[in-house]
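Chemist: Using only what follows, build the 3D model:
(chains A and B)
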2 protein chains.
Amino acid sequence: MSSKGEATRPDAKATCSIATTLEVVGEKWTPLILREAFAGSTKFSEFREALPVASDVLSDRLRTLVDAGVLERQPYREDGARERFSYHLTESGRELLPVLGALMQWGNAHRPPELGGYSAYVHASDATPLKVAFVTDSDEPVDIAEVRVRRRREALAESQVG
Amino acid sequence: MSSKGEATRPDAKATCSIATTLEVVGEKWTPLILREAFAGSTKFSEFREALPVASDVLSDRLRTLVDAGVLERQPYREDGARERFSYHLTESGRELLPVLGALMQWGNAHRPPELGGYSAYVHASDATPLKVAFVTDSDEPVDIAEVRVRRRREALAESQVG
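Modeler: Residues are numbered from 1 along each chain as shown, chains lettered A, B, ... in the order given. Purely as a prediction, here's the structure:
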């Protein structure tokens, strides 16, 4: 995100991992493109079919995701056609799934889609619905009320002490 | 998100909770405004000080969040000043914290901020770092590789059978 108003202040993305992530996934359509990638779409035509997005915008977003290492391109060729590229989630791309899960969870609770029915993330083995939650390092669930932010300046102060 | 290209296709937000959530939080600056709200900012001046965002953009984003029920306005008056409004997270607003936690987690892992040090969400009681993860209804953690999407059309088909 570019600085507006105060040129002397560091850019948000120089100090904040939320901002650096939004540089990759924060543009319009990108989360929905990732939603489709997680659902199994790999070809340009599949993304186009699933989303009412203009071709040039889709191309631009896929390029951003490839450049960021979230998707990787693989060449393929269908009978009689020229070589094309398909798009596949990398490991770091798959690690974005909690972002989508958290967005979907909030929408399902507070903004259910007007046409009814909704997608959900479920367990692959038994299709039971899953939640996205904060957990400790030892996987104990933590209520949102128990979560606080440790600001960057606190982290830096601690690292100078340690 | 508005439909581009194919007017006969339902809008993404008519069928998808990720899209409906992005209508509320998907605009530039909004996740960072929410980040500040979670960190304790309530006054317009505090948001302005924390973020290099233009005043008119900040006003617009705060209005969107109030209209969506994510923030609520409360009047306050400082000595000798006119009445102003402060902005406070509602319960549905606080439920957006996993979205921010997931964005921050990915950025800390894959896009650490260039000025070093980073914020993190930690446990209020002992300041130990927290993760954002998929869990079952009984709070068992689930690896990302075990997560699949149940598409809306599957959900609708099930509801017609049931």
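
Chemist: Only C-alpha atoms from now on, for both contacts and neighbour counts.
Modeler: Fine.

Chemist: So A:Val25 sits against A:Pro31, correct?
Modeler: Yes: with contact defined as CA atoms under 8 Å, A:Val25 counts as touching A:Pro31 (6.2 Å).

Chemist: which neighbours do the two share?
Modeler: Common contacts of A:Val25 and A:Pro31 (CA atoms under 8 Å, 6 or more residues apart in numbering or on different chains): none found.

Chemist: For the residue positioned nearest the centre of chain A, which non-adjacent residue is spatially closest?
Modeler: Note on chain A: the residue nearest the mean C-alpha position is A:Leu96, at 4.4 Å, using CA atoms, centre = their mean. Nearest non-adjacent residue to A:Leu96, counting by CA to CA, 6 or more residues apart in numbering or on different chains: B:Trp106, 6.6 Å away.

Chemist: So A:Leu71 versus B:Pro31, what's the distance?
Modeler: In this view, A:Leu71 and B:Pro31 are 23 Å apart by CA to CA, to the nearest Å.

Chemist: A:Pro98 too?
Modeler: For A:Pro98, the distance to B:Pro31 - CA to CA - is 16 Å.

Chemist: Can you give me the buried ones in the helix or strand of chain A with the lowest mean pLDDT?
Modeler: Least confident helix or strand, chain A: helix A:152-161 with a mean of 73, by mean pLDDT, DSSP states H and E. Using 16 or more other CA atoms under 10 Å in any protein chain shown as the test for burial, helix A:152-161 gives A:Arg152.

Chemist: Put the alpha carbons of it into PDB.
Modeler: C-alpha atoms of helix A:152-161 as PDB (Å, rounded to 0.1, in the frame of the first residue of the first chain):
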ATOM      1  CA  ARG A 152       5.800  -4.600  16.400                       C
ATOM      2  CA  ARG A 153       7.500  -2.100  18.700                       C
ATOM      3  CA  GLU A 154       7.000  -4.500  21.700                       C
ATOM      4  CA  ALA A 155       8.600  -7.300  19.600                       C
ATOM      5  CA  LEU A 156      11.500  -5.100  18.700                       C
ATOM      6  CA  ALA A 157      12.000  -4.000  22.400                       C
ATOM      7  CA  GLU A 158      12.000  -7.600  23.500                       C
ATOM      8  CA  SER A 159      14.500  -8.600  20.800                       C
ATOM      9  CA  GLN A 160      16.800  -5.800  22.000                       C
ATOM     10  CA  VAL A 161      16.600  -7.000  25.600                       C
END
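
Chemist: which residues are in contact with it?
Modeler: A:Thr15, A:Cys16, B:Gly117, B:Tyr118, B:Ser119, B:Ala120.

Chemist: neighbour-wise, which of these leads?
Modeler: Taking other CA atoms under 10 Å in any protein chain shown as the neighbour criterion, A:Cys16 ranks highest of the contacts of helix A:152-161 with 26 neighbours.

Chemist: What is the burial count for the closest residue in space to that one that isn't next to it in sequence?
Modeler: Take A:Cys16 and drop its neighbours on the chain: the residue closest to it by CA to CA, 6+ apart is B:Pro113, 5.7 Å away. By other CA under 10 Å, the residues close to B:Pro113 number 21.

Chemist: got a list of what B:Pro113 touches?
Modeler: A:Lys13, A:Ala14, A:Thr15, A:Cys16, A:Ser17, A:Thr20, B:Gly107.

Chemist: Go again with 10 Å.
Modeler: A:Ala12, A:Lys13, A:Ala14, A:Thr15, A:Cys16, A:Ser17, A:Ile18, A:Ala19, A:Thr20, A:Thr21, B:Gly107, B:Ser119 (CA atoms under 10 Å, 6 or more residues apart in numbering or on different chains).

Chemist: The third one contacts B:Ser119, doesn't it?
Modeler: No: contact criterion CA atoms under 10 Å: A:Ala14 and B:Ser119 do not qualify, at 11.9 Å.

Chemist: mind giving me the domain split of chain A?
Modeler: A:1-95, A:97-162 (automatic domain parsing).

Chemist: Tabulate those (TSV), appending distance to B:Arg151.
Modeler: What follows is those, written out as TSV (distance: least, CA to CA, whole Å):
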stretch	distance to B:Arg151
domain A:1-95	8
domain A:97-162	5
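
Chemist: What sits closest to A:Ala12 if chain neighbours are left out?
Modeler: A:Ala19 (6.1 Å).

Chemist: What ranges does chain A have for its strands?
Modeler: A:71-77, A:83-89, A:120-123, A:131-135, A:141-142, A:147-150 (DSSP state E).

Chemist: ok, the spatially closest residue to A:Val122 that is not a sequence neighbour to A:Ser138 distance?
Modeler: Nearest residue to A:Val122, sequence neighbours excluded (CA to CA, 6+ apart): A:Pro129, at 4.3 Å. Note on A:Pro129: its distance to A:Ser138, by CA to CA, is 22 Å.
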